Each structure stands twice: as structure tokens, then as C-alpha cells.
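Peer 1: Just to be clear, the model below is a prediction. Sequence and coordinates:
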Amino acid sequence: MSSIFFIILRRMRAPLIVLIVIYAVSVLGLTLVPGVDATGQPAPPLSFFHAFYFISYTATTIGFGEIPNAFSDAQRLWVTVCIYLTVIGWSYSIVTLLALLQDKAFQNVLVVGRFARRVRHLQEPFYLVCGCGETGALVCRTLDEMNVRFVVVESREERVQELDLEDFKTDVPALAADAMSSRILELAGLRHPQCVGVLALTNDDNANLAIAIATRLLNPQLTVLARAENAATVDNMVSFGTHHIINPFERFAEYLGLAIEAPHTLRLLEWVTGLPGSQMPVPHRPPAGAWVVCGNGRFAKPVVRELADHQFRVTVITPDASEPVEPPLQRVVGSGVRADTLQSAGIVEAVGLVAGTDNDVNNLSIAVTAKGLNSDLFVILRQNRVLNSPLFEAFSAQFTMVSSRIIAHESLATIITPLLATFLGEVRKHPDEWAATACARMEAMFGNEVPQVWTVAINAAEAPALSDHLAGGHAEISVLLRSFHGHDEPLEALPLMLVRQARHALFPADNMPLQCGDVLLFAGRGHARDEQRTAVVNANVLAYLLTGREGSGGWIWQRFERRRSR
Amino acid sequence: MNLEKVVFAFFILLAATLNFGFFIGDIANPELHSVYELFAAIVVSMIATVLKFGDRTQIGAIHLATSLVADLQLIAAALTWAIAVHVTGVGMTAHVTSSVVSMSGGALFANIVSVVILIIETVMLRR
């Protein structure tokens, strides 16, 4: 704010001095030019007071007339000069001020100032989202749906303008600036006491790296989540301790491996990390046999590795003849968009195809051509741009890899519910049959819609009513699964995990007794989450859920009830 | 030599000297204190104030503050004068004159501080 003030003062120096000089000359002139009285006799000139009064109303074009007496001709001559002088002075000042307001640099200062003020005044915990492209927008929308505050820094001006038009529930401060600058990060609240985490989601690895290291140095307590698409960047980020690094290509390859090996585990993963409210995809299991992979970039490499690890015969189609290929793999040089290349790679005998170049049109073309040659193919498509979704949906491949979606799911899951990472780790240790029963329970409760996932910590700060009750009483998990609208009405929520000290219990039974200090992970609908929150905080609601009877809040009624029950 | 520095120092010194010229003389005698001199002091002091706008250094801030004090005192003096002569009609009695002149004395002090800062700044940044 003060910098804006100083800029105005500095730029207005010349016009203000001109104005002062013009006023001084005009007033001085009027105090020197002799006047005339009512009888036509020469009278003394105006005093300073009257001269200043006259010039003030004349210069501002208010014009009360000749006060206090009618002027002499000499005075009128001088006043004529004054009128033109002051008009010039005022016009000059106003034109300068208008030019200043139109000035790009000045407007930028105004915008940055307003943004910094809005960030400073944030009272709730918030996340700093750097980069609001396809991925960032997806993350922002979901954060907003979950009532989490966030601040956006994005390098492209038009993206920020689009963000302003989005119908967010909360007020979202957004700035078009380079997030690689630490000054911008600080303005965006990197050192704000309420800032809880930084999400570096730009599509530039270097920028993400710069954001991660700036956060590490300026505010080491913050959780940093960074997107990295090159192995070198990942290593670099690991070296200085970035908390969560998301490499969408590696992550997809891992999912593919799970899909081959343990499809139900993957399905359970999708249940809990999907975007709340979206539909679950139809499950598919990649068949064993010969595979054809088009492309040899960041995407195809981990996929080929994963397929080869599962003893699949892989043929790679790549335009680059210089790259070495290890013996079990076979290679065909060329582009997969041509039928003869696909045929020489053995598409007719193959069971699966991966179209993984960095061009969406080529990927679709490869897939369509290959399907024409072998209609039973299992197709894995890489989609680079969200804009092309209608085309990819029309083709309906068994797997479509959209890196922005993977990043968004992953970052939201780890940021919003840190306990989820533990849960996912535990799930991976269990056999696939176990995951199959878990999936069946999820499907029975939520149908085909991805639920929200949240944690409930049973402690004095977050669940005062429940922890008070547990100090002397008994409660089971089932108390958190009943609606307060009716004692017998179940909530649409499923306990995923109970953490007690260092032990984890997955899918705990409803009659498991609770203890103070427990942390629970739930999956469920948004309203179930809200009801639970009310129940653990409000002692009367909790009493109703425990006993099924409406309790009394007031002291007199409590005494009265006790006497009656005695 | 920097023209900006010349103009700046010129106005600061002129404000102080004009102020001194008005202030000097028997405090209660209106004959010795010309209203034109007060007018000139106000105008020059205001120009000096505007010249100090926009300097974000510590010294710049003190400069601006002293100028604002001087302006305030001089305008108060002018107002007293105008009220005595035009509003109440008391005229320039010894009491009114002495209060006008003493107020300009306060402004003079602020102007002297301004000059001192100017000299300190010059000595500090010998170039």
C-alpha cells in the first residue's frame, strides 16, 4: 500500500508544484492590483484572504462572481489571466493522474498490492497452489469443494482471469506472476502463519524445483508437494527432502503393474484416491501375452519396464533408431500411425497396445489403426491434454492415462488426508482377495460414486465431547456411524482404518471400543462427515447417539432428570 | 553538479530564509511583519514539501516530516491573521501579531531542522 502512495506522490510532483506556483502568482497579483468601490473611487486591492478565496472558487470553476465588491477593470484584466492559468494547472494535474492510473506498471503494483493484502488477511489454514494449468485447476476445484482455502500463483495472465470467472465458494486470491521468484512466493503467503502447504504443480520441472527449494529454505515446516516428470528432477528434489514428489508417468506404470498383478488392490486404491463425486471407472485386467508399445519417451519407458517385469513379450515402435534396446525387448523403427509398421511389430498376434507418444492425435490414430487390424486388442492410451477428453471418451480404451488427473488425485489425497498414505501402504501388504472383499463393501455402500475420505482424531482439541465421554464411559465406533436425525438411521460412512499408538487396524468392526487418542480414517458422503463432526463436538448430540434419548442441556433440567430417574 | 540537487537545496534554504525574514523583529509590532513575506514563505514551503515527495529513504522521510510541520505552522499563522482581520474584526493587535509571529517561529525551527538535515546529508554522502 505504502509503495502505491509513494509512486503517486513521486509522479504528481511536477503538476503539484505547477499548481502551487499558479495559485501563488494569481493570489499575489490580486493583492497588488487596485480595486474600485461602489462610488467608482479607487479602493485598496484585495487582502490575501479575499484573494485566496476568490482564486479558490475561480480556479475550480465554481465562480461565485466578484466578491466582496465589483472589480475594477484592472482586476478583471488580471483575473482573466488567472482563469486561463489555473485551468491549465488543473488540467495538467488531472491528465497526469489519469495517465498514472492507466500506466501498466502502476496497475501491476495495485494488483500485487491487493493480492498481498488479501493473502495477509486470510484467517484460516490455506494451501499455496503454484501453477494453475489443467492439473492445478482440477486441484483447485476439488479443494474448493472440500471447503479448503487456497492461494493461486500462475504465470499466464489469461489463466488467472479464467480463474476469476470460476464459481468458487470461497474467495480465492490469485496472482499472475512467476512463482520461481521467492518474493512472489512470500507475497503469496509462504511465511504466513496459516499457510500449511505448498503444491508446486506447474508443467515446468525447473519451476517446481525452484518452488520446492524456496519453500525448504524459507519455511521448512511446510509440507511441500511437487510434480516432477524427469528422473533428474526427482533425484534433485529427494536430495533436499521434498515431502511428496509426484511423477505421473512412474505412478501410472505402478498402477499398470498393480492392474496386472492385483486388480482389486488397484480398485481399492481408486476408491479412496479418486476425486469425490466422480464415477468409478470400469475395471479391466491387462491380458498376458505379446504387447506393442508406441513411443519411447518418459511415458513409455516405465510402462515397458513394468510390462517386461511381468514376463510380457514387448515390441517397441519408436522413430528413434539410436536408442539401445535390451534383448528381451524387440524394436521396430518407425511411427505407429502406419498400418505396415504396426503389422511388422506383430499387432495381429498381440493382445495389447500402448499408444504413448506425446501427441494426442497420433495416439488416437495409432489406436484406431491397430483396432482395425486386431479388434480384440487391449488398448492403453496416453492423453496429454484434458481438452481432448471427448475424443478419448468416444474411443473408450481400457486404460486412459491423463497425467493431470493422476497428479491431482495423488496430491489431493496426500495433502487433505495424510493418513491415507499409511492406509495405502497397509493395503498393498494385503493379498488381492482381501482387497476384493473390501471393494465389495465399498460398492455396497457407495454404488459407483467415489466417496470423500477424512480423518477423525479423538482428542480434547478436535473431539471434545467424545473424549470427555471416553474419560469415564464407553463408546464404540458404531456411535460415529449413526445419524443424529434418528437413532437407528445409519450414516453413509465406512471406517477404513483405526490407528491406536503405532498399530493400524484396517476396516475395524463397528463394535470396536474407542479410546482417547485414536485416529480414524473414514470414507463416506460429505453430509456424513459433517454429522460426525457435530457429534464429536456437541455433547448433547453425542448423548443422543449413545443412548437414543434426547438429553437436556441446561443445568436445572439435568438436576431434574437425575432426581426423576432416582 | 546535479540540477535536481540545486533546485532542492534552493527551495529548502529559501523557505528557511523567507521564514526567518518574516519572523525577525519585535514580536508584537505588526509594522515589522509583512503579510507578503508570510505569503511567500507559505508558497515556498509548500513547493519544498512537494519536492520532497516520493523519497523512500529514512532521511527523505524526516525531510518530508519537517516540511509538513512547517506548512502546518505557517498555515495556522495565516489562518489566525485572516480570522483576526476578516472574521472577528479585532485587527492586528499586539496579542494577535505575537501569536502569528510565534507560530511562524515554530515553522522556522522546523525549517532549520530541514536545513541541518540537508547539510548532514551532504556531508555524509561526499561525492
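Peer 2: Right, received. Where do you want to start?

Peer 1: pLDDT at the residue nearest to A:Pro248 when sequence neighbours are not counted, what is it?
Peer 2: Setting aside the residues directly before and after it, A:Pro248 is nearest to A:Ser403 in space (C-beta to C-beta, 6 or more residues apart in numbering or on different chains), at 3.7 Å. To be clear about C-beta, it is placed using only N, CA and C from the backbone, and glycine gets the same treatment. Note for A:Ser403: predicted pLDDT of 80.

Peer 1: which SSE is the residue of chain B found nearest chain A in?
Peer 2: Residue of chain B nearest chain A, by C-beta to the nearest C-beta: B:Gly54 (2.8 Å). Per DSSP states H and E: B:Gly54 is located in neither a helix nor a strand.

Peer 1: so who does the closest residue to chain B within the stretch 351-500 of chain A touch?
Peer 2: Proximity of the stretch 351-500 of chain A to chain B (C-beta to the nearest C-beta) peaks at A:Ile415, 39.7 Å away. Residues in contact with A:Ile415 (C-beta atoms under 8 Å, 6 or more residues apart in numbering or on different chains) are A:127, A:197, A:199, A:223, A:225, A:244.

Peer 1: measure it to A:Val402 for me?
Peer 2: Per C-beta to C-beta, to the nearest Å, A:Ile415 is found 19 Å from A:Val402.

Peer 1: So what's the residue count around the residue of chain B closest to chain A?
Peer 2: Around B:Gly54 there are 17 other residues, counting by other C-beta atoms under 10 Å in any protein chain shown.

Peer 1: which SSE is the closest residue to it other than its chain neighbours in?
Peer 2: For B:Gly54, ignoring the flanking residues on the chain, the nearest one in space by C-beta to C-beta, 6+ apart is A:Arg10 at 2.8 Å. Per DSSP H and E, A:Arg10 falls inside helix A:2-11.

Peer 1: Spell out which residues of chain B are next to chain A.
Peer 2: When proximity is defined as C-beta under 8 Å from any C-beta of the partner chain, chain B approaches chain A at B:35-36, B:39, B:43, B:46-47, B:50-51, B:53-54, B:56, B:78, B:81-82, B:85-86.

Peer 1: which one of the residues you listed sits closest to A:Gly133?
Peer 2: B:Arg56 (37.2 Å; C-beta to C-beta).

Peer 1: unless I'm mixing things up, the closest one is touching A:Phe6, no?
Peer 2: Yes. Counting by C-beta atoms under 8 Å, B:Arg56 touches A:Phe6, with 5.6 Å between them.

Peer 1: buried sites along stretch A:382-396?
Peer 2: For stretch A:382-396, burial by neighbour count (16 or more other C-beta atoms under 10 Å in any protein chain shown) applies to A:382-384, A:386, A:392, A:395.

Peer 1: roughly how far out does it sit from the chain middle?
Peer 2: 23 Å (C-alpha atoms, centre = their mean, to the nearest Å).

Peer 1: next one: stretch A:112-125
Peer 2: Taking mean C-alpha positions (C-alpha atoms, centre = their mean), stretch A:112-125 and its chain are 16 Å apart.

Peer 1: One more: stretch A:449-456?
Peer 2: The answer for stretch A:449-456 is 18 Å, by C-alpha atoms, centre = their mean.

Peer 1: ok, and what's touching that stretch?
Peer 2: Residues outside stretch A:449-456 that contact it (C-beta under 8 Å, 6+ apart) are A:146, A:270-272, A:274-280, A:413, A:416-420, A:442, A:445, A:462-463, A:480, A:492, A:494, A:496, A:519-526, A:529, A:532, A:536.

Peer 1: Now intersect those with the helices, please.
Peer 2: Secondary structure assignment (DSSP state H) places A:270-272, A:413, A:416, A:419-420, A:442, A:445, A:526, A:529, A:532, A:536 from the contacts of stretch A:449-456 within helices.
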